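> Below are the sequence and a predicted model for it; my questions follow.
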Amino acid sequence: MNSVEISWFGALCDDDYEQLGVVQPELRSSWEHCLSIVTAAEKSGFDSILLPSGYHLGIDTVSFASSIAPLTSTMKLLVAVRCGEVWVPQLARQLATLNQTLHGRLNINIISSEMPGERLDGPSRYKRTTETMQALRTLMNGDRLDVDGDYLQFHVDAPRICKETSPAPPFYFGGLSDEARETAAQDADVYLMWPDTEDEIARIIADMSRRASRYERTVKFGYRVHVVVRDTESAAYDAAAHLISAVDTQTGDAIRSKSLDSTSVGVRRQAELRQAADGDGFIEDNLWTGIGTARSGCGAAIVGTPAQVATKIRRYQDLGIDAFIFSGYPHRDEAQRFASSVMPLLQHAPLSFS
């Protein structure tokens, strides 16, 4: 079986708990705590780590990535940036500088969401995202940018740092709506998915492959999911139940509503999976939706023994998944547990785009 890219999640957005909804000051996002997650992930042998972005929550992604870049040596940083937050030529300059610091170990996660206080419908938001991705790639390839779009109007040469660090790093991007899929088909290198049934994942991969082919492109596929792994199945189920045992409906609703994308098509799909799950929260073998009762976005976890978790991951590989972004609670502890018990059962390596 081919190898896959295995990444962990850096909890920059105040998303680290022992029990969801129970805030512990030492687990809140800070430079020290988030660095400890990054350090643990690199020492554990992960290929990459996602550094997420949230305006209301946690700490700034690019600033954090820049500050910890010299403290890493092997692992790639998947740095999330939100369209509209930063003037695009300056964003290109920032990211190129970061990529130089990392000696080429940068990947970019493009986020398409409204800015705080902003209201854009889906077609408008993804039009801005498409213009941003194309402009950012042009500049980071070291090329002159001439664009007169609906949202971006630039006639500028690429900064010198972009020419020195070209070509542009790979773009990871996700979204379930029709507009999001078209944006990904045109401009993403890796199309990211949140948890879903295996049948639905197969349908999404087939649809995205068809869409990309219309632009004479191919895309790789990534899967973002939580994990709860323990030595026995009963221990894994108990750990999953404990994780959400302190969350009531009101608290869960409040947590989910904090996200800027809390009403997106993808978030609605995660809610549909919870509603369709069995009484214990499982939508299919080893895929548990209970974790979505207390967080927005990615709302399901692979739960089981190391062998069960590895088997589920290999099933996703068979469907066409090329990269995984895992997370678990608390993030540093679960990263080490996953790395020691599951990763030896898998072949993994950073994605190649040559």
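Sure, I can see it.
> what residues are up against the nearest residue to residue 299 once chain neighbours are set aside?
Here the nearest residue to residue 299 in space, its sequence neighbours aside, is residue 292; by CB to CB, 6 or more residues apart in numbering that works out to 2.5 Å. Using the backbone N, CA and C atoms, a C-beta is placed for each residue, glycine as well. The contact partners of residue 292, by CB atoms under 8 Å, 6 or more residues apart in numbering, come to 270, 271, 273, 274, 298, 299, 300.
> Check residue 243 too.
Contacts of residue 243 by CB under 8 Å, 6+ apart are 17, 19, 20, 228, 290, 291, 329.
> got the residue ranges for the helices in the stretch 151-300 of the chain?
With DSSP state H, counting those that start in this stretch applied, the stretch 151-300 of the chain shows helices at 160-165, 178-187, 198-214, 233-243, 249-257, 265-276, listed in chain order.
> Buried deepest among those, which one?
With neighbours taken as mean count of other CB atoms under 10 Å, these reach their highest mean count in helix 178-187, at a mean of 21.
> Tell me which other helices or strands that one touches.
Applying 3 or more CB pairs under 8 Å, 6 or more residues apart in numbering; DSSP states H and E, one finds that helix 178-187 contacts helix 122-140, strand 171-174, helix 198-214.
> Make JSON lines out of these and add mean pLDDT and distance to residue 223.
Output for those, formatted as JSON lines (pLDDT from 0 to 100; distance: least, CB to CB, whole Å):
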{"stretch": "helix 122-140", "mean pLDDT": "95", "distance to residue 223": "21"}
{"stretch": "strand 171-174", "mean pLDDT": "97", "distance to residue 223": "10"}
{"stretch": "helix 198-214", "mean pLDDT": "97", "distance to residue 223": "8"}
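> Check the contacts of residue 243 and tell me the two furthest apart.
Using CB to CB, those reach their maximum pairwise distance at 17 and 290, which is 14.0 Å.
> Mind checking which of the contacts of residue 243 land in strands?
residue 228 (DSSP state E).
> Show me which of the contacts of residue 243 is closest to residue 194.
Checking the contacts of residue 243 one by one against residue 194 (CB to CB), the nearest turns out to be residue 291, at 11.6 Å.
> now the closest one, nearest residue through space, not along the chain?
Excluding its sequence neighbours, the residue lying closest to residue 291 (CB to CB, 6+ apart) is residue 301, at 4.8 Å.
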